[in-house]
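Model the following, please.
(chains A and B)
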Amino acid sequence: MLFTRGGLKKIMLAMGLLAAFQLTPPAQAQEWSQIEQKARGQTVYWNAWGGDEAINAYIRWVGERVAEDYGVTVEHVKLADTADAVRKVVAEKSAGRNDGGSVDLIWINGENFKAMKDQALLHGPITDTLPNYALIDTKANPAVELDFTIPTEGLESPWGQAKLVFIYDSAVLQDPPKTMIALQAYALAHPGRVTYPAPPQFLGTTFLKQALYEVVETPDALLQPAGDNFESVTAPLWAYLDKIHPALWREGRDYPDGDDALIRLLDEGAVDFALSFHPGRASSAITQGLLPDTARTFVLDGGTIGNTHYVAVPYNAAHKEGAMVLANFLLSPEAQAQKQDPDIWGDMTVLTMDKLAPEGRALFDALPRGIATLSPAKLGPTLPEPHPSWMTQIENKWLERYGS
Amino acid sequence: MAVDVIPSKAGARAGRQGLGIRCAPPLTLLIFLGPVAAGLIGTLLPAFGYLPALGGDQLSLDPWRALARYPGVETAALRSLMTGLIATGLSVALVLYFIAAFHGTAWFQWARTVLAPLLSIPHAAMAMGLAFLLAPSGWIVRLISPWATGFDRPPDLALAPDPYGWSLVLALVIKEVPFLFLMTMGALGQVPAQKSMQIAQSLGYDRATGWLKTVLPQLYGQIRLPIFAVLAFSVSVVDVALILTVTPSPTLGVLILRWANDPDLSQNFVAAAGACIQCLLVLLAIAIWVMGERFISWLGLAWIRKGNRRAPHGVKQLTLTGMSLAAGLGIAGLMGLVIWSFAKRWRFPDSLPSVWSLDNWGRGFARVAEPLATTLWVGLAAAGVALILVILCLEAEQRTGRRPTHRALWLLYLPLIVPQIAFLFGAQILMVVVGIDGHWAGLIWAHLLFVLPYIFLSLSDPYRALDSRYARTAACLGASPWRVFRQVKMPMLLRPILIAFAVGFAVSVGEYLPTVFAGAGRLTTLTTEAVALAGGGDRRLIGTLVVLQSILPLILFAIAAAAPFLIRRAAFTGKKRL
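Numbers count the residues shown, from 1 in each chain, chains lettered A, B, ... in the order given. Alright, predicted model coming up:
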């Protein structure tokens, strides 16, 4: 036991001090200590999706830690859908409550971020104020400042990274298909054993993007806004889907809700593949008794889509300082390593290892990797998210062709 | 002559002494008018493009155009209408024919004992139980696989949820039959059923025919509003439909929720327009029902005139089968979830878990302690406040002799008829303005909106139908209106009052959207936690939450059933000692 809880805390404390004194200019350090002072005693209402017990437990742990170190109380407002929090801020704005709002911090990305940014509902830029933001090399990893191709402009602070992976049961299947075309062939050969969540569910949309990347002739076009070229660029996608749909689970007349539902279907043997945005998901599902211990992870040959998720402070948050202290703690090596632990959550860190002190790096090196989790080298390249304009149109067209 | 004088005297006395009580009906209506108005405005304005917070500064018809363009919106609306009407029709037919054919038999006692607890189970919980029971990987298929079916994988069939809405209809019937049964039972005590039956049977009518021809026409008026509430609920239900319809074939309510949840906030306008359609749909369903009532009473009149004495035997058996099936499926689904709450591994096609564990209760309980407490205090407070308001209103009505106008009554039912989702968006803005969003007062208020009408529905008919001669007699003996209320009406109405309270509590426990909106995510109940997990698919945790959700109202119903006897016995022995 190299890192007992107490020992770990001391190291972290020392590192926090290091970070405060070495990595931040004096003026900023002063500003930050004022923020910390104001934050003490505040209760932060953190609006975060509450559908996963492992994540909820991690958030509880974060709450205990920031209460200990900074005197900030964290109240996890469990959302079924992040849009609920966006709506709450909108309702408050329309009621004229421009300060003292009920949402202090939102776990957010993608379309929800775009909606809030477009309507100026966010406080900030905040990232330059956060001392731990310096632990991210944004030059080496520019993707953390592009949320679905939308520049974050410091209005949200990176929290974790996701990457599409496939899960299968090695007791059922020896050699899973490694391309989307091969997956199509597998579905046609085994009708009813492949499915994906229906768009606009996030994972379902990602499945379409993944197929789009593989069948499209000019992948670069996807990084620019969709225009008149929409029909011609996406035509191969519809051909792909038209072919695979009759062979899908329930012949494409029903779809699972998301990755939890897919994992249940895989466990029951109803389908042969589950999708997840968490590379450690298969391992944690085995630990939780949701999958047999023969479950394994695989990725596609050309790489899979990945993205970053963030936390942001609404413009009218009642406890902005507390929310910033919390956002900063989430970027600490301690919190990031804890989050990446597959027994805790298994969410990939956003920190750059080269920027960490040796003690911090050791935390990550010491992490166990679950039985079904791929090593970073085997996770393969990460494809960027296409511009959101593609997905809005694709979702609409998908609904027209295959939806209600 | 004297009889005519006394009520007006009582009324005059009430006028002098009970100014407070006369204010009760307007006060109660006022509590509702605010949110009803805000809810309607919050629905109507965005439906016509006006919501400045989202950049809608002028009125337009764009939301309606967007709504009309949305793929499948007509079939979704039709699905809502049909499932609602069929579920309500089936429930009413089952309940009425069952009571007609079996009252006074052992089967009837059995139904009373079995159905009352089912009433307390939240709709979403029942739907999840049914989904587990009937799914291709569900309990029924597990029990007969692989030895009878040969399935070692779940069959690729859409059983539940299904694309046509049959499992939705089934879940609604399972939930509405107990409600209508108990409402009918409550009302039955207020009509001279026994006397009518004696006469009918002495004229040679069999049990069912006699009841349908003599008791039902007297009874139906008393259960009409509960039926309307069931109909409105069934047409616009969201949580059950979410669980039991397939994604590409939703009901209108589910579509509205999708639009309202869409990250693209401009979809809120479409959601508002959809909510207007949902309101019209409910009104259309009621209009169709009323036409159906006319048609059936016309047919019934002809049937009564024909003078048949016997009902066909098959119908009786069919009703019994239907009732047993409804109760059996409901109970079996819940049993499945109870078992899940003690499971660690339960893979297809095992009939029972391969690994049992108390983990779900150990870990689960710490996690649910807070929502459990919130569920308890919100439910008790909302049902308590609502019960007091309803009794005051009914008492005021009897003392002043003024019944609420038809329009005022409909206002009270608005929270049950306006689809929750649209109504609550407007109400939420109001709560933010007042500053009680995410506050216990706001949550109780939001629950009150839905609890109060149900308590009123449940209590008003028995209360009004109580023979007024008891009160007159007491008044003749010199008792004040309050004393009449305390010593005559309360003891006689104790059972319906306690049932009404338990109904109110059960409604509160089952509420999802009001908690989400008024609780602002800070206050969560067992139901919001369960629905947050429902999409997640871990049946072990769903099982744990559903068991907890069901136990609380069950306790209240047990008290409602036992208390009158206990109190009466205590009072009786107490008097004997005196």
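
In a strand, A:Gln161, correct?
Yes: under DSSP: H, G, I helix; E, B strand; the rest coil, A:Gln161 sits within a strand.

Quick check: it touching A:Gly346?
No: counting by C-beta atoms under 8 Å, A:Gln161 stays clear of A:Gly346, with 11.7 Å between them. Every C-beta, even on glycine, is put in place using the N, C-alpha and C of the backbone.

If you count surrounding residues, which of these two has more?
Legend: neighbour count by other C-beta atoms under 10 Å in any protein chain shown for A:Gln161 and A:Gly346, higher for A:Gly346 (26 against 21).

residues contacting the residue nearest to that one when sequence neighbours are not counted?
Nearest residue to A:Gly346, sequence neighbours excluded (C-beta to C-beta, 6 or more residues apart in numbering or on different chains): A:Gly280, at 2.5 Å. Contact analysis of A:Gly280 by C-beta atoms under 8 Å, 6 or more residues apart in numbering or on different chains lists A:Gln340, A:Pro342, A:Trp345, A:Gly346, A:Asp347, A:Arg369, A:Gly370, A:Thr373.

Looking at those residues, spot the one nearest chain B.
A:Trp345 (14.9 Å; C-beta to the nearest C-beta).

How about A:Ile286: what's its closest non-neighbour residue?
A:Asp293 (5.2 Å).

how close does that neighbour sit to chain B?
11 Å (C-beta to the nearest C-beta, to the nearest Å).

just checking, that residue is part of a strand?
No: under three-state DSSP, A:Asp293 falls outside any strand and is assigned coil.

contacting residues around A:Gln340?
A:Gly280, A:Gly346, A:Asp347, A:Met348, A:Thr349, A:Phe364, A:Leu367 are the contacts of A:Gln340 under C-beta under 8 Å, 6+ apart.

One more pass at 7 Å, please.
Applying C-beta atoms under 7 Å, 6 or more residues apart in numbering or on different chains, we find A:Gln340 in contact with A:Gly346, A:Asp347, A:Met348, A:Thr349, A:Phe364, A:Leu367.

quick one: which of the residues you listed has the most company?
The contacts of A:Gln340, ranked by neighbours (other C-beta under 10 Å): first place A:Gly346, 26 neighbours.

got the contact list for it?
A:His278, A:Gly280, A:Arg281, A:Ser283, A:Ser284, A:Gln340, A:Gly370.

change it to 10 Å
A:54-55, A:58, A:160, A:276, A:278-284, A:287, A:339-340, A:367, A:369-370, A:373 (C-beta atoms under 10 Å, 6 or more residues apart in numbering or on different chains).

So which of those residues sit within helices?
A:Ala54, A:Ile55, A:Tyr58, A:Arg281, A:Ala282, A:Ser283, A:Ser284, A:Thr287, A:Lys339, A:Gln340 (DSSP state H).

The second one contacts A:Trp107, correct?
Yes: counting by C-beta atoms under 10 Å, A:Ile55 sits close enough to A:Trp107 to count as a contact (9.1 Å).

ok so, going back, closest one of the contacts of A:Gln340 to B:Pro514?
A:Asp347 (33.0 Å; C-beta to C-beta).

Can you list the buried residues in stretch A:77-84?
Going by neighbour count (16 or more other C-beta atoms under 10 Å in any protein chain shown), the buried part of stretch A:77-84 is A:Val77, A:Lys78, A:Leu79, A:Ala80, A:Asp81, A:Thr82, A:Ala83, A:Asp84.

shouldn't B:Pro146 be in contact with A:Gly269?
No: using C-beta under 10 Å, B:Pro146 makes no contact with A:Gly269, being 11.3 Å away.

between A:Ile55 and A:Trp107, what contacts are shared?
A:Ala48, A:Trp49, A:His76, A:Gly160.

Any chance of a markdown table for those, columns pLDDT and secondary structure?
Conversion of the shared contacts of A:Ile55 and A:Trp107 to a markdown table gives the following (pLDDT from 0 to 100; DSSP: H, G, I helix; E, B strand; the rest coil):
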| residue | pLDDT | secondary structure |
| --- | --- | --- |
| A:Ala48 | 93 | strand |
| A:Trp49 | 88 | strand |
| A:His76 | 92 | strand |
| A:Gly160 | 93 | strand |
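
export these to JSON lines and tack on neighbour count?
JSON lines is the format used below for those (neighbours: other C-beta atoms under 10 Å in any protein chain shown):
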{"residue": "A:Ala48", "neighbour count": "21"}
{"residue": "A:Trp49", "neighbour count": "19"}
{"residue": "A:His76", "neighbour count": "21"}
{"residue": "A:Gly160", "neighbour count": "22"}
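
Walk me through the domains of the chain.
Because you didn't say which chain, this covers chain A. A:5-160+A:309-369, A:165-305+A:382-402 (automatic domain parsing).

sorry, should have said chain B
B:1-44+B:375-572, B:92-354.

which one of those has the lowest average pLDDT?
With a mean of 78, domain B:1-44+B:375-572 has the lowest mean pLDDT of those.

and that domain, how far out from the chain's middle?
13 Å (C-alpha atoms, centre = their mean, to the nearest Å).

Equivalent analysis for stretch A:328-346, please.
So, by C-alpha atoms, centre = their mean, the centroid of stretch A:328-346 is 13 Å from its chain's centroid.

any idea how far B:Val503 is from B:Val509?
11 Å (C-beta to C-beta, to the nearest Å).

any idea of the pLDDT on the residue in the stretch 51-200 of chain A that chain B sits nearest to?
The stretch 51-200 of chain A approaches chain B most closely through A:Ser94 (3.0 Å), counting by C-beta to the nearest C-beta. Listed pLDDT for A:Ser94 reads 84.

Tally up the residues packed near it, please.
16.

picking up where we left off before, hey, what's in contact with both of B:Val509 and B:Val503?
Shared contacts of B:Val509 and B:Val503, counting by C-beta under 10 Å, 6+ apart, come down to B:Ser120, B:Ala383, B:Pro553, B:Leu556.

which SSE is A:Lys88 in?
helix A:83-94 (DSSP states H and E).

Report the distance from that helix to the chain centre.
With C-alpha atoms, centre = their mean, you get 22 Å for helix A:83-94.

Tell me which of the domains of chain B lies nearest to B:Gly56.
domain B:92-354 (6.4 Å).

end to end, how far does the closest one reach?
42 Å (C-alpha to C-alpha, to the nearest Å).

what's the spacing between the longest helix anywhere in chain B and its chain's center?
As assigned by DSSP H, the longest helix anywhere in chain B is helix B:359-400. Put simply, helix B:359-400 sits 15 Å off its chain's centre (C-alpha atoms, centre = their mean).

And for stretch A:153-170?
With C-alpha atoms, centre = their mean as the basis, stretch A:153-170 stands 4 Å off its chain's centre.

how many neighbours does residue 334 have?
You didn't pick a chain, so chain A it is. 19.

actually chain B
The tally of other residues near B:Leu334 (other C-beta under 10 Å) stands at 24.
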